[in-house]
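Asks: task: produce atomic coordinates for the following.
(2 chains)
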Amino acid sequence: MSLSFSRAFAALTLVTALGCSQDTGSVNVTIWGEEFIETQIGPAQNADDEGGFQNNWTLTFNRFLIHVSDVTVNNTAEGSAGALPMGRVYDLHNTRGSGTPVGAIANVAVGRADQVAFRINPATMASVAGNASDADLGFMRMNGYSVYFEASATRPGLATPITLRWGFTAATRFSECVGEANQPGVVVAAGAAAAAQITIHGDHFFYDSLSGETDMNGNSLTRLRFDAIANADANRDNVVTLDELAAVDLTTLPANQYRAGNIPNVVTLRDFVAYQTRSLGHFNGEGECRTTPL
Amino acid sequence: MALAGSFHCGDGDTTGRSRIQFGVEARGTRVAGTTSLGWEVTLSEAAIHLGAVRWFEGQALSQRTLLRRLAWGTAFAHPGHYVPGQALAESVIERVIDLAAMRATDLGLADGVSGEARSARLELTPVGSDGGQPGGLSEGSLRLRGVATRGDQSVRFLATPTLRYEVQGITAPGTLAPGGPRWRVEIDPVALVDRVDFLMLPAGDGERVAPPEGQAFNALSRAAQSAATYHLRRLDP
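Replies: Here you go, the predicted structure:
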């Protein structure tokens, strides 16, 4: 009797345990800056090519530090949620062809976790290193940067490359992220791990539009440009600073470039590139997120 | 751009939307003000040539990006934050609006389908050959004449840029429904000169005319192409 009871209890326990595991899965969160940040952004093939720089510029990131925090995954239908609240610093130039792990969120209800969100916000003394070095972590903490990058840009005939060392302190929440099939969040299967990649689009810093205007035929007017940035080098030291960008009023640039659309208070080139920090964060490659300035 | 095909309505409409028609008008909101560069501006003439106006369901500032994948598979995205969404209605009458008159100019009737509008597009085009238009606009897309004063400096100016552009992501909140009220396109002519540095106009004893290149033309063009210069308002009783 006792043995039978024990067996029955054990079987019940096993069933219960299996039931629990079948009701939940996990979400593995990674972050990636794509080839643009890992390798380089090359020149456009023609004037209509939006995927490369106009006028034969090539830009290489040498360091791309970013602070990410408050990653949340929520299945609103099941009332199931999980989070990775800790702020972490990553160097997206030091990844190779895939995302680097941020963390795993366990015990997420099976089904569609329809609400995925994260923040790109200033590093604090509580922040820790993701794949960044201790020195880079300290640098981001000390400066309170949310994003910092170093890059060099060149084009044929240019004797000395142009160097950029730009840091930004903007805080942005990226929420309601949708995947590439325009579906919200991720699907979590029982006992399995779903992939949620925070994809950072570093090329956005060099777009010449904030609102993605199209012409009257629906063709995109956005292009990747570097000439105005290179020309901002007022002291001709081949290093373009954000202060030098702040001296460039947008009305001194060609009227069909660097249009701010419906974004208020963007009057200088510095305002323009700083605003682009709002558009860096994406989901699972090309997926979109709603952005909220914090 | 013909929107009728995207309304998804008609005799066999299954979308639950109703055909609607409503009146549209446009007017300027002010003729004097202080710019962000500290100029006190008073406009004696202000006119703009408007083309089609179109209403959409998408948020004016939706904070979502437009995405596409390149042929070689590298993911990237436009930084744009405006996704127009479903087209709802359009008014296609072209007309010159005398912004300095401070009274509404009728733009006729807009046709479309019912829905919740959030944003709009507006075409700027050069005035046609039927010159002698209100506000002195006989050529170009825009005419602004006035006086700008900053400290002891006073500049009389005239600008007549020609633009061909569809302004996108204009704020236009309101329900479009059968029997609904008129809508008004409100245009701030002082915002058009907000970033003009009047001292950079060619020197002269009299009126300084903005050349087709230069800072003033650039600033005017940017402002005219900015959605923030315009607002569409439903005129509820």
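Asks: CA atoms for contacts and neighbours, from now on please.
Replies: Noted.
Asks: check contacts around the spatially most central residue of chain A.
Replies: Of all residues in chain A, the one closest to the mean position by C-alpha atoms, centre = their mean is A:Ile200, 2.6 Å from it. Residues counted as contacts of A:Ile200 (C-alpha atoms under 8 Å, 6 or more residues apart in numbering or on different chains) are A:Ile31, A:Trp32, A:Gly33, A:Glu34, A:Leu280, A:Gly281, A:His282.
Asks: now, which of those sits nearest A:Asp208?
Replies: A:Leu280 (14.4 Å; C-alpha to C-alpha).
Asks: give me the neighbour count for A:Leu158.
Replies: 10 (other C-alpha atoms under 10 Å in any protein chain shown).
Asks: what do you get for B:Leu107?
Replies: 24.
Asks: quick one: it and B:Gly23 touch, right?
Replies: Yes: B:Leu107 is within contact range of B:Gly23, at 7.3 Å (criterion: C-alpha atoms under 8 Å).
Asks: beta partners for the residue nearest to the centre of chain A?
Replies: A:Gly281 (DSSP bridges).
Asks: check what pLDDT it gets.
Replies: Note for A:Ile200: predicted pLDDT of 95.
Asks: next one: it from A:Glu35, what distance?
Replies: 10 Å (C-alpha to C-alpha, to the nearest Å).
Asks: quick one, what contacts A:Gly42?
Replies: A:Gly52, A:Phe53, A:Asn56, A:Trp57, A:Thr58, A:Leu59.
Asks: same check on B:Glu25?
Replies: So B:Glu25 contacts B:Ala104, B:Thr105, B:Asp106, B:Leu107, B:Gly108, B:Arg182, B:Trp183, B:Arg184, B:Val185 (C-alpha under 8 Å, 6+ apart).
Asks: out of the residues you listed, which comes closest to A:Asn121?
Replies: Minimum distance to A:Asn121 across the contacts of B:Glu25 is 38.2 Å, recorded for B:Val185 (C-alpha to C-alpha).
Asks: secondary structure and neighbour count for the contacts of A:Gly42 - can I get that in TSV?
Replies: Formatted as TSV, the contacts of A:Gly42 follow (DSSP: H, G, I helix; E, B strand; the rest coil; neighbours: other C-alpha atoms under 10 Å in any protein chain shown):
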residue	secondary structure	neighbour count
A:Gly52	coil	26
A:Phe53	strand	26
A:Asn56	helix	18
A:Trp57	coil	20
A:Thr58	strand	20
A:Leu59	strand	27
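Asks: enumerate the residues of chain A near chain B.
Replies: Counting by C-alpha under 8 Å from any C-alpha of the partner chain, chain A comes close to chain B at A:34-35, A:51, A:201, A:203-204, A:207, A:209-213, A:215-217, A:222, A:251-255, A:259-264, A:276, A:279, A:285-292.
Asks: what is the longest helix seen in chain B packed up against?
Replies: Counting by DSSP state H, the longest helix found in chain B is helix B:215-224. Contacts defined by 3 or more C-alpha pairs under 8 Å, 6 or more residues apart in numbering or on different chains; DSSP states H and E place helix B:215-224 against helix B:189-192.
Asks: and the contacts of the helix it packs on?
Replies: B:28-35, B:41, B:43, B:46, B:99, B:219-220, B:223-224, B:229.
Asks: I'd like the next helix or strand past that helix.
Replies: strand B:208-209 (DSSP states H and E).
Asks: direction included, what does that following strand pair against?
Replies: Assessed with DSSP bridges, strand B:208-209 is paired to strand B:153-159 (parallel).
Asks: centre of the chain versus the partner strand, how much separation?
Replies: Distance, stretch centre to chain centre, for strand B:153-159: 24 Å (C-alpha atoms, centre = their mean, to the nearest Å).
Asks: cool, and stretch B:167-178?
Replies: Using C-alpha atoms, centre = their mean, the offset of stretch B:167-178 from its chain centre is 13 Å.
Asks: ok, it near chain A or not?
Replies: Yes: applying C-alpha under 8 Å from any C-alpha, one finds stretch B:167-178 in contact with chain A at B:Gln168, B:Gly169, B:Ile170.
Asks: how many residues are close by A:Pro156?
Replies: A:Pro156, neighbours per other C-alpha under 10 Å, totals 9.
Asks: how much space between the spatially closest residue to B:Thr29 that is not a sequence neighbour and A:Arg270?
Replies: In this structure, B:Thr29 finds its nearest non-sequential neighbour in B:Asp188, 5.2 Å apart by C-alpha to C-alpha, 6 or more residues apart in numbering or on different chains. Look at B:Asp188 and A:Arg270: by C-alpha to C-alpha, they are 26 Å apart.
Asks: so the residue nearest to B:Thr29 is in contact with B:Arg30, correct?
Replies: Yes: taking contacts as C-alpha under 8 Å, B:Asp188 lies within contact range of B:Arg30: 6.4 Å.
Asks: can you give me the helices in chain A?
Replies: A:2-23, A:34-38, A:134-143, A:227-231, A:242-246, A:269-275.
Asks: so for the first one, what's the average pLDDT?
Replies: For helix A:2-23, mean pLDDT is 43.
Asks: cool, the fourth one as well?
Replies: Averaging the model's pLDDT scores along helix A:227-231 yields 97.
Asks: now that helix: buried residues?
Replies: For helix A:227-231, a neighbour-count test (16 or more other C-alpha atoms under 10 Å in any protein chain shown) marks A:Ala228, A:Ile229, A:Ala230 as buried.
Asks: and which of these is nearest to chain B?
Replies: A:Ala228 (15.2 Å; C-alpha to the nearest C-alpha).
Asks: could I get stretch B:141-161 in PDB with only the CA atoms?
Replies: What follows is stretch B:141-161, C-alpha atoms only, in PDB (Å, rounded to 0.1, in the frame of the first residue of the first chain):
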ATOM      1  CA  SER B 141       4.300  78.300 -54.500                       C
ATOM      2  CA  LEU B 142       4.700  80.900 -51.800                       C
ATOM      3  CA  ARG B 143       4.900  84.700 -51.400                       C
ATOM      4  CA  LEU B 144       5.900  86.400 -48.200                       C
ATOM      5  CA  ARG B 145       6.500  90.200 -47.900                       C
ATOM      6  CA  GLY B 146       7.000  92.100 -44.800                       C
ATOM      7  CA  VAL B 147       9.300  93.700 -42.300                       C
ATOM      8  CA  ALA B 148      11.600  92.100 -39.800                       C
ATOM      9  CA  THR B 149      13.000  94.000 -36.900                       C
ATOM     10  CA  ARG B 150      15.700  93.000 -34.400                       C
ATOM     11  CA  GLY B 151      17.100  95.700 -32.100                       C
ATOM     12  CA  ASP B 152      17.900  98.700 -34.300                       C
ATOM     13  CA  GLN B 153      18.000  96.600 -37.400                       C
ATOM     14  CA  SER B 154      15.000  96.600 -39.800                       C
ATOM     15  CA  VAL B 155      14.800  94.600 -43.000                       C
ATOM     16  CA  ARG B 156      12.000  94.800 -45.600                       C
ATOM     17  CA  PHE B 157      11.900  91.500 -47.400                       C
ATOM     18  CA  LEU B 158      10.200  89.600 -50.200                       C
ATOM     19  CA  ALA B 159      10.500  85.900 -50.800                       C
ATOM     20  CA  THR B 160       8.700  83.900 -53.600                       C
ATOM     21  CA  PRO B 161      10.100  80.300 -53.500                       C
END
